[in-house]
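Engineer: I'll drop the sequence and a predicted model, then ask my questions.
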Amino acid sequence: METMTLIACTECAGDIQAQPRFTGEIIDCSDCGAELEVTSLAPLTLQLAPEIEEDWGE
Amino acid sequence: MPSVGLVYGRMREEEKLLLDAADRLGIQVLPQHDQKLKLTLDGGVDGDAVLVRSLSSTRALMVSRAVSAWDRPAVNQPGTIVACMDKAETSLRLRQARVATPESRIAFDPETALEALDELGYPAVIKPVNGSWARLVSRVRDRDEARQILEHREMLPNPIQHIYYLQHFVETFHEGRHSDVRAVVVGDEVIAAIRRVSPHWPTNTARGAITENQPIDPELEDICLRAAQAMGGGVLAMDLLQGPEGWLVHEVNHNLEFRNTIAPTGVDIPARIIRFAQECARR
């Protein structure tokens, strides 16, 4: 069974419990609502997800 | 068994569904975050075939170009991505292939764009040539509205936004609701189609449209396959409107979001895409 990792939100320092499997996943902070992107799995690191760029989409 | 590289920019629901489908099918898929790629002139992306799912179309095109240069199949091919990522290019290719598409104009300054809109008639649609999710797509009902939109566009710093791509507005409002059709083409088959329904225009699922199954009749199938061929083939999502004289293809997408197409159609779209990518490696 995979265990949840506890990490601090980069924006509000609130606690986030997460078990991401891939970099590039988006995790929402339930305290402040920030969208955070998983930038590394080991160690688990998050950063504020980038804003939508002009060339994003389908 | 050939492996499939999966290059992604964001691990969306679609990418997770593709990975789950690969697990079910016993196909080895190698997920690779485009942010961390380091391409050389000889390689840098794993997989016998590479499914290019970057959220950024600029990155998708670069990855597809590189993979093709390494003599490995990219899904989609760079030519297909070029044809899809620029809406004016899409219209030109569709017209060249005699695929019905809304009448369009391309202009380079606001005054000429207004003249072109007069030719098309109102209402009309002003779109950026790039972009997705209906960003900056505007329906204008008269010359005054058009002038305001064009003035705003002129102030944007990106010169691409100063290419004014103008399209005849095809009525989408029927029986009290707006709708258009999205069809998914994988290789030489139209595998699924949905009707996107919304109380407002545009009818994009990224903007809250709900979806229902759209039967694939021979006419719909024919135009989708001809449009796919015009764009270079691969895995594509066709956006269609129903004009007075039949179907019209108005946009083609190379990096389709399909999460809302699975339930109403019952088609295992991620499995079809993964299988197609693996078959490309065998060819």
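Structural biologist: Sure thing, it's come through.

Engineer: Residue numbers of chain A in contact with chain B?
Structural biologist: A:21-26, A:37-39, A:52-58 (CB under 8 Å from any CB of the partner chain). For glycine as for every other residue, the C-beta is placed from the backbone atoms N, C-alpha and C.

Engineer: wait, which of the residues you listed is closest to residue B:7?
Structural biologist: Of all the residues of chain A next to chain B, residue B:7 sits closest to residue A:24, with 10.4 Å by CB to CB.

Engineer: For the stretch 1-150 of chain B, which residues are neighbours of chain A?
Structural biologist: Going by CB under 8 Å from any CB, the residues of the stretch 1-150 of chain B near chain A are B:8-11, B:15, B:31, B:33, B:35-36, B:55-58, B:85, B:128, B:130-133, B:135.

Engineer: Against which helices or strands is the biggest strand by length in chain A packed?
Structural biologist: Longest strand in chain A, counting residues (DSSP state E): strand A:35-41. The helices and strands touching strand A:35-41, judged by 3 or more CB pairs under 8 Å, 6 or more residues apart in numbering or on different chains; DSSP states H and E, are strand A:26-28, strand A:44-48.

Engineer: And it, how far out from the chain middle?
Structural biologist: Its chain's C-alpha centre and that of strand A:35-41 lie 4 Å apart, by CA atoms, centre = their mean, to the nearest Å.

Engineer: got the buried residues for that strand?
Structural biologist: In terms of neighbour count (16 or more other CB atoms under 10 Å in any protein chain shown), strand A:35-41 has its buried residues at A:36-39.

Engineer: Also stretch B:200-220?
Structural biologist: Here stretch B:200-220 shows B:201-205, B:209-211, B:214, B:216, B:220 as buried, counting by 16+ other CB under 10 Å.

Engineer: where does the stretch 101-250 of chain B dip in pLDDT?
Structural biologist: The stretch 101-250 of chain B contains no residues with pLDDT under 70.

Engineer: Could you pull out the strands in it for me?
Structural biologist: For the stretch 101-250 of chain B, the strands defined by DSSP state E, counting those that start in this stretch occupy B:104-107, B:124-127, B:138-140, B:164-168, B:173-174, B:177-186, B:189-198, B:210-213, B:235-243, B:246-253.

Engineer: ok, back up a step: mind checking which of the residues of the stretch 1-150 of chain B next to chain A are in helices?
Structural biologist: In helices, judged by DSSP state H, the following of the residues of the stretch 1-150 of chain B next to chain A are found: B:15, B:57-58, B:85.

Engineer: got a winner among the residues you listed for most neighbours?
Structural biologist: residue B:57 (27 neighbours; other CB atoms under 10 Å in any protein chain shown).

Engineer: for that residue, what are its contacts?
Structural biologist: Shown in contact with residue B:57 (CB atoms under 8 Å, 6 or more residues apart in numbering or on different chains): A:55-57, B:81, B:84-85, B:130, B:132, B:254-255.

Engineer: where's the dip in pLDDT among the residues you listed?
Structural biologist: The lowest pLDDT within the contacts of residue B:57 belongs to residue B:132, which sits at 78.

Engineer: Not counting its neighbours along the chain, what's nearest it?
Structural biologist: residue A:57 (2.0 Å; CB to CB, 6 or more residues apart in numbering or on different chains).

Engineer: if I look at whichever residue of the stretch 51-200 of chain B sits closest to chain A, how far off is residue B:257?
Structural biologist: Sorted by distance to chain A under CB to the nearest CB, the residues of the stretch 51-200 of chain B start with residue B:132, at 2.0 Å. Taking CB to CB, to the nearest Å as the measure, residue B:132 falls 9 Å from residue B:257.

Engineer: more crowded one of the two?
Structural biologist: residue B:132 (24 against 19).

Engineer: Under a three-state scheme, what state does the nearest residue to residue B:271 once chain neighbours are set aside occupy?
Structural biologist: Once flanking residues are discounted, residue B:271 sits nearest to residue B:21: 4.2 Å by CB to CB, 6+ apart. Residue B:21 falls in the helix class when you classify it by DSSP: H, G, I helix; E, B strand; the rest coil.
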